[in-house]
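Novice: Model the following, please.
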Amino acid sequence: RVSSVLNKDVKQYGKQFMFDMNEDTSWSSDEGAPQWITVVLQNPQNIRGFSFQFQGGFAGQQSNILMYSEDGAEIHQEPFYPEDINSPQQFQVKDTAREKVCSKIKFVFKSSTDLFGRIIVYNLQLLS
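Specialist: Got it, this is the predicted structure:
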C-alpha cells in the first residue's frame, strides 16, 4: 500500500512499478506530506537492509523505517537519510533489528525534496 498515487493514475504511476526493476517506470505520489509505503511480506523474514532509487528532486526526507511482527506489534523503528540523487541507495538496519523476524515494513517520509511533497521511487528492494 502507498499513501497516494499521482492523479490517482495507478496504471501509469502505481505502487507495482517500484518492484518491476524497470528504470522507465516508477511510483509517483501525489502532493502532500507525509507520504508512506507499506510492504506486507508473504513469509515473515529477517531484514538486514533495503535499497531505494528515487528520482532526483523527488526524494523522501525525514525518513523512517518501521518494522512489525506477525501479530502487528511494532518491533523496530529507525530514521534513514536518503540523498537527493537518481542513483540507487542502500541502507542497513541496526544489528538488533536484523535479529527480529518481521511481516510488515512501513517507510514514512515526513517531507520531500520536492516543493509540493511529491516522491518518485523507481526501485525499492528489501535485503534479507
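
Novice: Under the pLDDT cut-off, which ranges of this protein? List them.
Specialist: Nowhere does the chain drop to pLDDT under 70.

Novice: Please, where are all the strands along it?
Specialist: Assigned by DSSP state E, the chain shows strands spanning 27-28, 35-46, 49-54, 60-68, 74-80, 89-92, 101-112, 120-127.

Novice: Any idea which of these gets closest to Asn7?
Specialist: strand 27-28 (8.7 Å; C-beta to C-beta). Where you see a C-beta, it was placed from the backbone N, CA and C, and this is true even at glycine.

Novice: list the helices and strands that closest one packs on?
Specialist: Other helices and strands packing on strand 27-28, by 3 or more C-beta pairs under 8 Å, 6 or more residues apart in numbering; DSSP states H and E, are strand 120-127.

Novice: Show me the contact partners of the strand it packs on.
Specialist: 17-19, 21, 23, 25-29, 37, 39, 41, 47-55, 58, 88, 90, 105, 107 (C-beta atoms under 8 Å, 6 or more residues apart in numbering).

Novice: swap the cut-off to 6 Å and go again
Specialist: Residues outside strand 120-127 that contact it (C-beta atoms under 6 Å, 6 or more residues apart in numbering): 18, 23, 26-28, 47-55, 58.

Novice: re earlier: any chance of JSON lines for the strands of the chain, columns distance to Ser4 and mean neighbour count?
Specialist: What follows is the strands of the chain, written out as JSON lines (distance: least, C-beta to C-beta, whole Å; neighbours: other C-beta atoms under 10 Å):
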{"stretch": "strand 27-28", "distance to Ser4": "9", "mean neighbour count": "23"}
{"stretch": "strand 35-46", "distance to Ser4": "7", "mean neighbour count": "15"}
{"stretch": "strand 49-54", "distance to Ser4": "16", "mean neighbour count": "20"}
{"stretch": "strand 60-68", "distance to Ser4": "13", "mean neighbour count": "20"}
{"stretch": "strand 74-80", "distance to Ser4": "21", "mean neighbour count": "15"}
{"stretch": "strand 89-92", "distance to Ser4": "22", "mean neighbour count": "14"}
{"stretch": "strand 101-112", "distance to Ser4": "11", "mean neighbour count": "19"}
{"stretch": "strand 120-127", "distance to Ser4": "12", "mean neighbour count": "19"}
